[in-house]
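A.B. asks: Got a predicted structure here, sequence first:
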Amino acid sequence: MSAALAALPRGFLARYEAGGGRLSGDRAARAAAARALAAGFPGPHDEAWRYTSLRPLAEHAWAEPPVATPDPAALLARFDAIDAPRIVFVNGGWREDLSRPPAHWRRPDRAGARPGTLARPEREPMVALNTLFAEDGALIELPAGVDGGTVLLLHLALGTAEAPFACHPRHRIRLGAGARLALVEASVGEGVYLHNPVTEILLGEHAVLSHARLQDEAAGGFHLATLYGTLARGAHYDGFLLALGARLSRAEAHVTLEGEGGRVHLNGGQLLAGTQHADFTSVVRHAAPACASRQTVKSVLGGMARGVFQGRIEVAREAQKTDGYQRAQALLLSPDAEVDIKPELEIFADDVKCSHGATVGALDAEQIFYLRSRGIPAAEARAMLVRGFLAEALADIAAGPARTMLEQAVELWWRRQQP
Amino acid sequence: MLLIRGLCAEIDGKPILRGIDLEVPDGEIHAVMGPNGAGKSTLAHVLAGREGYQVTGGSARFDGTDLLALEPEARASAGVFLAFQYPVELPGVGNANFLRTALNAQRRARGEAELDAVQFLRHVRSELKRLAMADEMLKRDVNVGFSGGEKKRNEILQMAVLRPKLAILDETDSGLDIDALRIVADGVNALREPGFSALVITHYQRLLDHIVPDRVHILADGRITLSGDADLARRLEAAGYAGLAAEVA
Ligand SMILES: Nc1ncnc2c1ncn2[C@@H]1O[C@H](COP(=O)(O)OP(=O)(O)OP(=O)(O)O)[C@@H](O)[C@H]1O
Ligand SMILES: [Mg+2]
C-alpha cells in the first residue's frame, strides 16, 4: 500500500480523537471504524478497490464545513420546478429555512436514532469515516400502509479551493409494510469538498421505494456514497443513479433481498468527461426465493474519463427461482476514455436464472452515415446518437419529477460539453 | 440530372464497380436490376457518400455539380436521397425528432426558413396519411422494433417528407406485402413530375408493374451490361440473367 493511502486516514483519526461527529455510532461501531481506518485506506490490491483509488483524497487537508455558508440560492434554483416537500442540507447540515419538510421525518439524535445496524464500518472505509464523523442526516419513517408521495432530499455544498471540507451525513429510510415513497435525491455544489453520505434503507413487506439520485457535484468535488438496503417479502426498491459531476465519485450499494418475491432495480447512468472518475459498485444478495434483481448501467465517457462498474450478485442456497440480470453498456467518445466492467456471480442455489452482459464501443459509423445521408451534419449526428443513448438510460423511469430532474441534468451536462 | 461516367470503386482494394455509365434525365425513373453481389448497393452507397469505398475512376455529376466531392449531408441537401436496403435502427432517437432535424438541416443548408413544430407536424401528418401510416410511428425510436416492411415504409416516409430531387431506392420493395408495395409505389408515383428523378434498384418485376420505369438497366459484375425500356424487365423475369445474356448474345 502506498504511503499516501496508509497515512491518509491518520489525518482523519487525529481529528476524531479531538472529538467526533454528533452522531458517532455506538462504542463497538466506533471502535470498529477506528480500527479499520488505522489499517489505512485500501489500495489496488484490495479487490473491491481495484479500479478506484482514494489517493486523490490525500491532496487536500479536509476540515470541518465552514460555520457561515454563502447563499445557496443559485444551487437551489434548479429544483424550483419540483413541487414536493423538501429536506435541504447545506454542507452536511440541515437547513430549516430552506426546507419544507414532509410528514414522518425527523433528524437523527444521539439518544433515539443512532445510525442503524446495516452499515459495516469494519468493511467499508468510507463508512468507517462516516461512522466517526456523522453530524446530521434525514430519518424518514413511514408507518405501514402510508403513501409518502414524493420527497426531495437535497445536498448542497458550497466550498472553496482554499478551504476544502468534508461532510458525512447519515440517512435512514424505513418503510412499514405496504408503505410507498418516491424519494428524489440530488447532490450539487461548488468548490472543493468531500461528500460522504451513508444511507440505510429498510423496506417492510410489500413496501415500495423508488429512489432517483442525481450526483452533479462540483468539478472539484468528491462524492463517496454508500447505500445499504434490506427488503422484506414482496418489497420493491427501484433505484436509479445518474452520476455526472465530481472529480472522483463512487456509489456503492449493498442490498439484501431477505423475503420471498422481493425486487430490486439498481440502474444507473454515468456521463463523464475530462479526467473524471466515477465508480458504480453494487452487491445484491439474494437470501430468499423468487426474488428479482435488475441492473442496467449506461456510461458515456469522453476525454480521459474513466468509468467503473462492479456488480456482484450473490445467490444463497435457499434462494431458488432467483432472477438476476446485469447489463453494462459504455459509449466511448474518445480513444483516451476508459471503462472497467467487472460482473461477478456467486450462486449456491441450483434453480436460478442469472445473466450479465457488457457492450463497449464507439459511436456506430453506420448510424452516423444514416443520419448524415438525411442531411444532418456530422457533429449534429454524433450529438443525436449520444443523446439517444442517454435517453434510453432514462427511458424506464416513470414520468414525473425524478424523470424531469434527470432529463434536465443530462441536458445541462450536454450543453457544458459543447465548445 | 444524374450523369455517371466510367465510375469505378473498390472496397479494400477489391474492384466492385468497374466503369458504370448511367444517365438519369430530369423527371425520369430508371430501374436497376442485377444478380446478387453485382454492385447495386455499392453504386447507391457511393452516390450517397458512404465511407469505406475508394473511388478509383470516373465521375458522378448531379445537376452539374461533382457529387463525389460533397459530404454526405451536402449531397442530401442538394436533393439526393437514398432509401437503404437495410434501414438503420437508432435507439433513443425519436422518429419525429429525426425527421424534423433532417428536414430543417437541409432547409438551413439551402438557406430556407426552418419549420417550427406546428408547421412540421402538419407537413408530416399529411404525408403519413398519404402513406397509410399510423401517427404512432412518429413517437417510436427510428426503426427500432419496426418490422421489415415498416422499416421500408419509414424510408418512404422520409423521402416524402424530405422531397428529394433524386431518390435512390435500394430494394425498397423487398419485404413488403402486396398492399404496402402499392402504397410505396403510390408514394413514388406521387412525386413523379419534372424536377424529380429516381433510380429504383429491385429484383422483381412486381414493383415495376406499379412504378413503370422509363428505362431499365442491368448491372452485372460492376458494369451496366444492358439497357432498355420497361419491357426489358419483363423479358428478364421470363428468361433470368443467364437466359437474357444468351438471348442478347
Ligand atoms: N464491406 C465489404 N467488404 C468486402 N466486400 C464487400 C463489402 N461490401 C460489399 N462487398 C462486396 O461487394 C460486392 C457487391 O456488393 P453489393 O452489396 O453492392 O451487391 P448488390 O448488387 O447490392 O447485391 P444484392 O442484390 O444481394 O443486394 C459483393 O461481392 C460484396 O460481397
Ligand atoms: Mg444490395
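C.D. replies: It's in. Ligands and ions are numbered 1, 2, ... in the order given.

A.B. asks: Quick one: residues contacting the residue of the stretch 251-400 of chain A found nearest ligand 2.
C.D. replies: Closest residue of the stretch 251-400 of chain A to ligand 2, CB to the ion: residue A:366 (14.7 Å). For glycine as for every other residue, the C-beta is placed from the backbone atoms N, C-alpha and C. By CB atoms under 8 Å, 6 or more residues apart in numbering or on different chains, the contact list for residue A:366 reads residue B:88.

A.B. asks: Now the helix or strand containing it: average pLDDT?
C.D. replies: Per DSSP states H and E, residue A:366 falls inside helix A:365-372. Mean pLDDT, helix A:365-372: 98.

A.B. asks: Only the buried residues of it, if you could.
C.D. replies: Buried residues in helix A:365-372, counted by 16 or more other CB atoms under 10 Å in any protein chain shown: A:367-372.

A.B. asks: Also stretch B:222-230?
C.D. replies: Those would be B:222-226, B:230, for stretch B:222-230 by 16+ other CB under 10 Å.

A.B. asks: Which of those fall within strands?
C.D. replies: Among the buried residues of stretch B:222-230, the ones falling in strands (DSSP state E) are B:223-226.

A.B. asks: follow-up on the earlier one: can you name the element that comes right after the helix holding residue A:366?
C.D. replies: helix A:378-394.

A.B. asks: Output the helix or strand following that next one as CSV, restricted to C-alpha atoms.
C.D. replies: Moving toward the C-terminus from helix A:378-394, the next helix or strand (DSSP H and E) is helix A:401-417. The C-alpha atoms that make up helix A:401-417 are tabulated as CSV, following Å, rounded to 0.1, in the frame of the first residue of the first chain:
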residue,chain,number,x,y,z
PRO,A,401,-40.4,15.0,-11.0
ALA,A,402,-37.5,12.5,-10.9
ARG,A,403,-37.5,11.9,-14.7
THR,A,404,-37.7,15.7,-15.3
MET,A,405,-34.8,16.4,-13.0
LEU,A,406,-32.6,13.8,-14.6
GLU,A,407,-33.5,14.8,-18.1
GLN,A,408,-32.7,18.4,-17.3
ALA,A,409,-29.4,17.3,-15.8
VAL,A,410,-28.5,15.4,-18.9
GLU,A,411,-29.4,18.5,-21.0
LEU,A,412,-27.3,20.7,-18.8
TRP,A,413,-24.4,18.3,-18.9
TRP,A,414,-24.7,18.1,-22.7
ARG,A,415,-24.6,21.9,-23.0
ARG,A,416,-21.5,22.0,-20.8
GLN,A,417,-19.7,19.7,-23.2
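
A.B. asks: Run the angle between helix A:401-417 and helix A:378-394 for me.
C.D. replies: Helix A:401-417 and helix A:378-394 are oriented at 150 degrees to each other (axes from the mean of the first three to the mean of the last three CA atoms, to 10 degrees).

A.B. asks: average pLDDT across helix A:401-417?
C.D. replies: Helix A:401-417 shows a mean pLDDT of 90 in the predicted model.

A.B. asks: does chain B sit close to that helix?
C.D. replies: No. Using CB under 8 Å from any CB of the partner chain, helix A:401-417 never reaches chain B; the gap is at least 11.3 Å.

A.B. asks: Counting by contacts, list what that helix packs against.
C.D. replies: strand A:147-158, strand A:180-190, strand A:208-216, strand A:236-243, strand A:263-272, helix A:378-394 (3 or more CB pairs under 8 Å, 6 or more residues apart in numbering or on different chains; DSSP states H and E).

A.B. asks: Bridging across strands, which residues link to residue B:198?
C.D. replies: Under DSSP bridges, the beta-bridge partners of residue B:198 are residue B:29, residue B:167.

A.B. asks: Contacting chain B as well, which ones from the buried residues of helix A:365-372?
C.D. replies: Checking the buried residues of helix A:365-372 against chain B by CB under 8 Å from any CB, the ones in range are A:367, A:369-372.

A.B. asks: before we move on, the earlier item: can the helices and strands packed on helix A:401-417 go into JSON lines with extra columns for mean pLDDT?
C.D. replies: Below are these laid out as JSON lines (pLDDT from 0 to 100):
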{"stretch": "strand A:147-158", "mean pLDDT": "97"}
{"stretch": "strand A:180-190", "mean pLDDT": "97"}
{"stretch": "strand A:208-216", "mean pLDDT": "98"}
{"stretch": "strand A:236-243", "mean pLDDT": "97"}
{"stretch": "strand A:263-272", "mean pLDDT": "96"}
{"stretch": "helix A:378-394", "mean pLDDT": "89"}
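
A.B. asks: Take the buried residues of helix A:365-372 and lay them out in CSV including distance to ligand 1.
C.D. replies: Listed next are those as CSV, based on distance: CB to the nearest ligand atom, whole Å:
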residue, distance to ligand 1
A:367, 16
A:368, 16
A:369, 13
A:370, 16
A:371, 20
A:372, 18
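
A.B. asks: from the residues you listed, which is closest to residue B:34?
C.D. replies: Residue B:34 lies nearest to residue A:369 out of the buried residues of helix A:365-372, by CB to CB, at 23.1 Å.

A.B. asks: In contact with the closest one, which residues?
C.D. replies: Taking CB under 8 Å, 6+ apart, we find residue A:369 in contact with B:49-51, B:72, B:88.

A.B. asks: what about 6 Å?
C.D. replies: Residue A:369 sits next to residue B:50 when contact means CB atoms under 6 Å, 6 or more residues apart in numbering or on different chains.

A.B. asks: Ok, residue A:135 next?
C.D. replies: With contact set as CB under 6 Å, 6+ apart, residue A:135 has these partners: A:21-22.

A.B. asks: My assumption is that it lies in a helix; please confirm.
C.D. replies: No. Assignment of residue A:135 by DSSP: H, G, I helix; E, B strand; the rest coil gives coil, placing it outside any helix.

A.B. asks: returning to what we had before: for the buried residues of helix A:365-372, name the two members farthest from one another.
C.D. replies: Longest span within the buried residues of helix A:365-372, CB to CB: A:367 and A:372, 9.8 Å.
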